[in-house]
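K.L.:
give me the fold of what follows.
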Amino acid sequence: MPSSLFCRLLFSLFSTLAESLTGYLNNISSGRYSVRNDALWIKVMLELKRAPVGIRFLYDKDEYDSCPTAELSGPLPYCAAVKNAAAGIPCKLTLRQSACLSGARALGLLKPQDDIVHPNDIASGKRHYNMGLYADYVISRQIAKDMVYCNHQVYGIEIAELALYTDYHPDLVIIIANAASAMRLIQGYCYHYGQLKNVKVAGNQAICQECTSYPFEMNQVNVSLLCSGTRQVAKWDNDEMGIGIPFNQLDKIVDGIRQTANPMENNKSKKSIQRKAALYGVADQLEIELGSNYYTGGYGTIEYHKRKKANQQK
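P.N.:
Numbering: from 1, shown residues only. Below you'll find the predicted structure:
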């Protein structure tokens with residue numbers, strides 16, 4: 001990315017923060033900001049640096065105009081807007097504000113007839129092959145064929161902290177987490193749904209495609225290691241990764257995290273959960289058992305376990 005363009009994007013980012021923050025404070029003063037049950041339990045059960053973000057597609061101008069979230073006043077990549085929302089600064093945007101055309105394509109904001117790139121250059125894999133992303137054209141074609149873009153055209157997108165969706169639900173939820181919290185999310189998923197399958201990861205178009213369009217189109221939780229582009233423009237921490245979750249699966253995933261806390265978590269994590277549950281007034285809704293999990297005492301040689309079993313039978 002040319003340095004001048006990058007500087008303009010940074011300037012746009014900071015210049016829109018004040019306006020977006022004003023909208024955020026207005027949401028609080030109007031009573032729109034209240035903690036949803038799912039957002040509350042995610043906060044209690046997981047150690048997250050950033051809040052979960054809800055994504056809602058706005059299909060026409062009327063729906064866009066009626067959305068109460070503040071509009072971006074300048075250009076910003078979708079992934080950077082997601083990061084802002086995770087810090088409590090929501091926005092809505094259209095193609096006009098979208099500063100990443102790859103993201104706009106994936107999300108259904110950019111119509112093929114309006115694109116500056118021929119659709120076949122993208123679908124064929126030629127574009128990414130010419131960029132040097134893959135060893136040969138066949139591999140690039142396979143990657144392009146496996147990428148799942150939104151098969152719709154929308155006017156805009158609302159991007160806001162999950163807790164702000166008190167009057168309606170988002171279509172998707174994106175959670176940025178470290179590996180340990182991502183593990184707990186997947187364990188919560190597996191509790192109700194079984195093994196997570198069909199995960200698509202390429203380290204490319206991470207927030208827009210791996211965390212948004214693919215989960216939306218396939219009704220499928222997906223895990224992303226993020227991509228070089230979003231790590232550059234959104235400045236995620238090196239240990240962060242993304243999880244895209246269809247909203248209709250969120251409640252069961254959160255319940256699964258709660259149900260698996262005792263067998264999965266160690267005492268340190270359990271005490272942190274207890275502290276946060278007390279802080280948010282839900283301690284009476286959670287039964288945490290210290291000194292109990294599935295793995296304590298579970299490791300050792302076959303001879304160790306034979307002796308252990310023999311001692312238990314005495």
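
K.L.:
okay, CA-based contacts and neighbour counts for the rest of this
P.N.:
OK.

K.L.:
mind checking pLDDT for residue 290?
P.N.:
Listed pLDDT for residue 290 reads 96.

K.L.:
got the contact list for the nearest residue to residue 184 once chain neighbours are set aside?
P.N.:
With sequence-adjacent residues excluded and distances taken as Cα to Cα, 6 or more residues apart in numbering, residue 184 is closest to residue 257, at 6.4 Å. With Cα atoms under 8 Å, 6 or more residues apart in numbering as the criterion, the residues that contact residue 257 are 45, 184-185, 187-189, 191.

K.L.:
could you check the pLDDT of residue 257?
P.N.:
For residue 257, the model assigns a pLDDT of 99.

K.L.:
does residue 200 touch residue 226 like I think?
P.N.:
No: using Cα atoms under 8 Å, residue 200 makes no contact with residue 226, being 11.8 Å away.

K.L.:
who has more neighbours, these two?
P.N.:
When residue 200 and residue 226 are compared for neighbours, residue 226 comes out ahead with 25 against 19, by other Cα atoms under 10 Å.

K.L.:
quick one, what contacts the more buried one?
P.N.:
Residues in contact with residue 226 (Cα under 8 Å, 6+ apart) are 203-207, 240-242.

K.L.:
next one: the closest residue to it other than its chain neighbours from residue 61, what distance?
P.N.:
Using Cα to Cα, 6+ apart and skipping the chain neighbours, the partner closest in space to residue 226 is residue 206 (4.7 Å). Going from residue 206 to residue 61 by Cα to Cα, to the nearest Å gives 27 Å.

K.L.:
who has more neighbours out of these two?
P.N.:
residue 206 (27 against 13).

K.L.:
quick check: domain ranges of the chain?
P.N.:
Following the assignment in automatic domain parsing, the chain carries domains at 3-108+149-258, 265-313.

K.L.:
tell me which of these sits most buried.
P.N.:
With neighbours taken as mean count of other Cα atoms under 10 Å, the domains of the chain reach their highest mean count in domain 3-108+149-258, at a mean of 19.

K.L.:
is residue 38 in contact with residue 256, as I believe?
P.N.:
No: contact criterion Cα under 8 Å: residue 38 and residue 256 do not qualify, at 11.8 Å.

K.L.:
overlap of the contact sets of these two?
P.N.:
If you check residue 38 and residue 256 against Cα under 8 Å, 6+ apart, no residue is contacted by both.

K.L.:
about what we covered before: quick one: which helix or strand includes the residue nearest to residue 184?
P.N.:
Using DSSP states H and E, residue 257 sits within helix 250-259.

K.L.:
how far is that helix from where the chain is centred?
P.N.:
Its chain's C-alpha centre and that of helix 250-259 lie 16 Å apart, by Cα atoms, centre = their mean, to the nearest Å.

K.L.:
which of the residues in the helix or strand following it are buried?
P.N.:
Downstream of helix 250-259, the next assigned helix or strand under DSSP H and E is helix 261-264. Buried residues in helix 261-264, counted by 16 or more other Cα atoms under 10 Å: 261-262, 264.

K.L.:
C-terminal to helix 261-264, what's the next element?
P.N.:
Next helix or strand after helix 261-264 toward the C-terminus (DSSP H and E): helix 267-279.

K.L.:
residues in contact with that following helix?
P.N.:
Residues outside helix 267-279 that contact it (Cα under 8 Å, 6+ apart) are 43-46, 261-262, 283, 286, 288-291.

K.L.:
could you dump the buried residues of helix 261-264 to CSV with distance to residue 132 and pLDDT?
P.N.:
Compiled in CSV, the buried residues of helix 261-264 are given as follows (distance: Cα to Cα, whole Å; pLDDT from 0 to 100):
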residue, distance to residue 132, pLDDT
261, 44, 98
262, 47, 98
264, 42, 98
